[in-house]
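**Q** Dropping the sequence and predicted coords here.
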Amino acid sequence: MKRLTAIILLSIIVIGCSESDKAIKLEFKYKPGMILEYEQNSKRQTDIYKSDSLVKSEVDESMATVRQEILEIVNDSTFKINEIDTWFYTKPNKDDSSQVDSVTYSREMDLLVLQNGKIIDFDFKKKKEKSTFYMKNYYEQGLPIFPSVDVHPGYSWTQTTSVVLPSETMNASTTYTVKSFVRELGYDCAVIEYEGNLLIPIEPKKDDETQRSGLDRIQTNGMIYFAYVDGIVIKQTEKWKTIGDRTQIIDEQWERYKYESNYDVNFILVKSEGLK
């Protein structure tokens, strides 16, 4: 009887501590002075079509660093973050296409981020940053906003955004699912899988002689490793499949073209300060 009782008690303990019963809160826990440094590696295959004929195909790879410094807590649930993104890549030399040039490009911005991950405002240090409109749409459609309730493996939520286009209004949506709790890179993490579609309009700019415009339709899927004890992202993998319709001025004439792109991104924390 004693042995049987012990076995029953053990089974209760095992069941009581199972992963499916565990629930945690997903929220960012930034602190002033905290610094997070990430490395991002990406690879992209792009095909460009005119009148259904392939006119150009290219593959490019790049490495980027992302440095985030938490400047202050504006209120109990809003963080001000300075972010510096720097890309390192190569491109064909203008004078000799057989040669390649190494290029470095950097941008800096301040972000206001809620505890649930929603970006409510951002400000580029260079006011003429060309990607402002694109980034705004990506932030609204492509970043997770964590639910207000505790989550467990199997929990999912869907975010839907209305996108106003010149001729109609369409919905972009992404579904997030908590797959498991794991130990990754020394952190206790929630693994969040996601899949969705983004719709990002391309608006012509006054200072752009080509007056490029169009729409990107993006199918996206990926995996986020969120360190829920520390309240930070430590790793993310993502795939984009983009079909873009474009109109622009080429040689003083309006031309239409389409491009298809497959984009793979790996994003990982490489250094941190001020977590504890």
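**A** The structure has been received and is ready for your questions. Numbers count the residues shown, from 1 in each chain.

**Q** Need the mean per-residue confidence for stretch 264-276.
**A** Mean pLDDT, stretch 264-276: 93.

**Q** neighbours around His218, how many?
**A** Careful, residue 218 is Ile and not His. Using other C-beta atoms under 10 Å, Ile218 is surrounded by 20 other residues. Where you see a C-beta, it was placed from the backbone N, CA and C, and this is true even at glycine.

**Q** right, and Asn197 touches Val163 too?
**A** No: if you go by C-beta atoms under 8 Å, Asn197 and Val163 don't touch, sitting 10.3 Å apart.

**Q** which residues are in contact with both of these two?
**A** Common neighbours of Asn197 and Val163, using C-beta atoms under 8 Å, 6 or more residues apart in numbering, are Ala172.

**Q** Helix, strand or coil: sort out Phe133 for me.
**A** helix (DSSP: H, G, I helix; E, B strand; the rest coil).

**Q** Could I get the pLDDT score of it?
**A** At Phe133, the pLDDT recorded in the model is 82.

**Q** got it, and Pro166?
**A** Note on Pro166: pLDDT of 76.

**Q** Then Arg212?
**A** Reading off the model, Arg212 has pLDDT 69.

**Q** going forward, begin numbering at 33 instead of 1
**A** Got it, the first residue is 33 from now on, which makes the last one we talked about Arg244.

**Q** Mind naming the longest strand for the chain?
**A** Longest strand in the chain by number of residues, with DSSP state E as the criterion: strand 85-107.

**Q** Can you give me the buried ones in that strand?
**A** By neighbour count on 16 or more other C-beta atoms under 10 Å, the buried set for strand 85-107 is Ser94, Ala96, Thr97, Val98, Gln100, Glu101, Ile102, Leu103.

**Q** Can you tell me the strand partners of it and which way each runs?
**A** Paired neighbours of strand 85-107 in the sheet (DSSP bridges): strand 67-82 (antiparallel), strand 110-124 (antiparallel).

**Q** ok, residues contacting it?
**A** When contacts are defined by C-beta under 8 Å, 6+ apart, strand 85-107 is touched by residues 62-81, 111-121, 123, 142, 144, 289, 299, 306.

**Q** and what of stretch 119-137?
**A** Stretch 119-137 has contacts (C-beta under 8 Å, 6+ apart) with Asp92, Glu93, Ser94, Met95, Ala96, Thr118, Ser138.

**Q** tell me the contacts of the last one?
**A** Right, Ser138. Ser138 makes contact with Ile116, Asp117, Thr118, Trp119, according to C-beta under 8 Å, 6+ apart.

**Q** Quickly run through the sheet partners of whichever strand or helix holds it, with directions.
**A** Assigned by DSSP states H and E, Ser138 belongs to strand 132-146. Applying DSSP bridges, strand 132-146 is found paired with strand 110-124 (antiparallel), strand 151-156 (antiparallel).

**Q** where does this structure dip in pLDDT?
**A** Under the criterion pLDDT under 70, the flagged ranges of the chain are 33-52, 159-162, 236-244, 282-284.

**Q** how much space between Gly246 and Ile275?
**A** 10 Å (C-beta to C-beta, to the nearest Å).

**Q** So those two - more neighbours on which side?
**A** Shown here are Gly246 and Ile275; by other C-beta under 10 Å, Gly246 has more neighbours (18 against 13).

**Q** in the sheet, who's paired with that one?
**A** Ile234, Arg278.

**Q** cool, and Arg288?
**A** Thr279.

**Q** Please list all residues in contact with it.
**A** Lys82, Asp277, Arg278, Thr279.

**Q** In ChimeraX, how would I select the buried members of those residues?
**A** Buried members of the contacts of Arg288, defined by 16+ other C-beta under 10 Å, are picked up in ChimeraX with:
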select :278
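
**Q** that older thread, going by neighbour count, which of the contacts of Ser138 are buried?
**A** Neighbour-count burial (16+ other C-beta under 10 Å) applied to the contacts of Ser138 gives Asp117.
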